[in-house]
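**Student:** Any chance you could fold what I've pasted below:
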Amino acid sequence: MKELDDIKRLLSRWYEGETTDAEEQLLYDFFASSDVPSEMEIEKELFLRLKELGESAELPAGFDEKLSAEIDKWTEVKQQASLRPRRFTVKRWGWISGIAASLLLCIWLGMRWEEQKRETAVIARVVSSLTGIDAKVKDALADLNAYSEETYISEALNTVSMNLNEALEPLVKVDSLMKETYAEINNSLTIK
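**Tutor:** All right, here's what the predicted structure looks like:
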């Protein structure tokens, strides 16, 4: 029973590509015997066929060098792919830049609103001092000021919305290009 457990451990290591030549020979010898449990019949057939192939097959000249070169290429592509920014990063920067633009616009709107209030107040004082405007005219100027603020804020928010949509368009294109690139890299890494 202990020998069977050892064989199972060796087989697991063989599937991971971690066995030595001597350990592989132990597996070949075990599966060549007639004492293989029925649960391991598939592995027995696999090892018997591999042994047949190993005896009759020859590798072409330069196969090891070509294989090593391909592995090196795949490793390099994989490393380059891991160094490239991910889609998550592009999305995150898109959100951050959108928030920053919105904050800057709000600050600018606040400054502009205060400036407009001061200008309206100065105009009202000048007009009041020059012509002695009554309360109705002052109320009309206040209503005009309130209307101007609402209109100004509404226009500013529309502008922010349009600019944010324009800023996100290139990010959507970058996202689709990155998906295509990752798909091509994955296809090239797939062993055929």
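**Student:** Now do the domain split for this structure, please.
**Tutor:** 2-57, 82-189 (automatic domain parsing).
**Student:** Which of those domains has the lowest mean pLDDT?
**Tutor:** The stretch with the lowest mean pLDDT among the domains of the chain is domain 82-189, at a mean of 72.
**Student:** if we can go back for a sec, dump the domains of the chain to JSON lines, plus mean neighbour count.
**Tutor:** Using the backbone N, CA and C atoms, a C-beta is placed for each residue, glycine as well. Listed next are those as JSON lines, based on neighbours: other Cβ atoms under 10 Å:
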{"stretch": "domain 2-57", "mean neighbour count": "12"}
{"stretch": "domain 82-189", "mean neighbour count": "12"}
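**Student:** Ok, which of these comes nearest residue 65?
**Tutor:** Closest to residue 65 of the domains of the chain is domain 2-57 (Cβ to Cβ; 18.3 Å).
**Student:** From the chain's centre, how far out is that closest one? Work that out for me.
**Tutor:** 42 Å (Cα atoms, centre = their mean, to the nearest Å).
**Student:** Next: stretch 115-123.
**Tutor:** Here the centre of stretch 115-123 is set off from its chain's centre by 49 Å, with Cα atoms, centre = their mean.
**Student:** for the longest helix seen in the chain, packing partners?
**Tutor:** Across the chain, the longest stretch assigned as helix under DSSP state H is helix 135-189. Counting contacts by 3 or more Cβ pairs under 8 Å, 6 or more residues apart in numbering; DSSP states H and E, helix 135-189 packs against helix 63-83, helix 87-131.
**Student:** Among these, single out whichever gets nearest to residue 189.
**Tutor:** helix 63-83 (5.8 Å).
**Student:** Who are the contact partners of residue 12?
**Tutor:** By Cβ atoms under 8 Å, 6 or more residues apart in numbering, residue 12 lies in contact with nothing.
**Student:** switch the cut-off to 10 Å
**Tutor:** Applying Cβ atoms under 10 Å, 6 or more residues apart in numbering, one finds that residue 12 lies in contact with 18-19.
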